[in-house]
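Engineer: predicted coordinates and the sequence they were generated for:
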Amino acid sequence: MELFSRILELSRQGFFCSQIMMILALESEGKENPDLIRAMGGLNGGLGFTGDVCGCLTGGCCFLSYFLNKGEADELEDPALRDAIADYIRWFRDMTQSAYHGDTCYDITKNKAVKRIENCPSLIEAAMEKCMELLAERGVI
């Protein structure tokens, strides 16, 4: 299924930005983890629907960390993690500043459902594509 179509499908199922990004990360490896997706919901809507930092920004950091960070005591963090996240944050802030004059959920949606419908799916798609690009540049995918 095409990325944008999958994002819309997940959105229609009631998932939001950060949850969608993590679902896509898990699906890329044929996995499911409802507990993790539930926890990612705390980032939705700008940190618990407060309108703060966009869930695509925090969700993208989690997406990169999913592939590059340690998950068990005997694992090591990939040395590429911190640079990948820094590059992602820089890209995201530049892009959202240009398009929305800020990187908060409020800047992007103005707390209006219609703006979420208009702006968020394409923003999630762009964020996913950037994350995949950063992972590819580092030889992870």
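Structural biologist: Okay, I see it.

Engineer: give me the neighbour count for the closest residue to residue 116 other than its chain neighbours.
Structural biologist: The shortest distance from residue 116 to any residue other than its chain neighbours is 4.9 Å, reached at residue 109 (CB to CB, 6 or more residues apart in numbering). C-beta coordinates here come from the backbone N, C-alpha and C atoms, glycine included. Taking other CB atoms under 10 Å as the criterion, the count of residues near residue 109 is 22.

Engineer: same question for residue 107.
Structural biologist: The burial metric for residue 107, expressed as a neighbour count using other CB under 10 Å, is 16.

Engineer: please apply the same query to residue 46.
Structural biologist: Residues lying near residue 46 (other CB under 10 Å) number 23.

Engineer: do I have it right that it meets residue 54?
Structural biologist: Yes - under the criterion of CB atoms under 8 Å, residue 46 lies in contact with residue 54, with a separation of 6.0 Å.

Engineer: can you pull the residues that touch both of these two?
Structural biologist: 104-105 (CB atoms under 8 Å, 6 or more residues apart in numbering).

Engineer: what is the strand or helix carrying residue 63 packed up against?
Structural biologist: When elements are assigned from DSSP states H and E, residue 63 belongs to helix 55-68. Secondary-structure packing of helix 55-68 (3 or more CB pairs under 8 Å, 6 or more residues apart in numbering; DSSP states H and E): helix 17-28, helix 44-47, helix 81-100, helix 113-137.

Engineer: nearest to residue 62, of those?
Structural biologist: Distances from residue 62 to each of the helices and strands packed on helix 55-68 were compared using CB to CB; the minimum, 6.2 Å, belongs to helix 17-28.

Engineer: just the helices and strands packed on helix 55-68: most buried one?
Structural biologist: Highest mean neighbour count of the helices and strands packed on helix 55-68: helix 17-28, a mean of 22 (counted as mean count of other CB atoms under 10 Å).

Engineer: who's in contact with that helix?
Structural biologist: When contacts are defined by CB under 8 Å, 6+ apart, helix 17-28 is touched by residues 3, 6-7, 10-11, 15, 32-33, 36-37, 40-41, 43-44, 54-56, 58-60, 62-63, 66-67, 120, 123-124, 127-128, 131, 141.

Engineer: thank you kindly, that will do.
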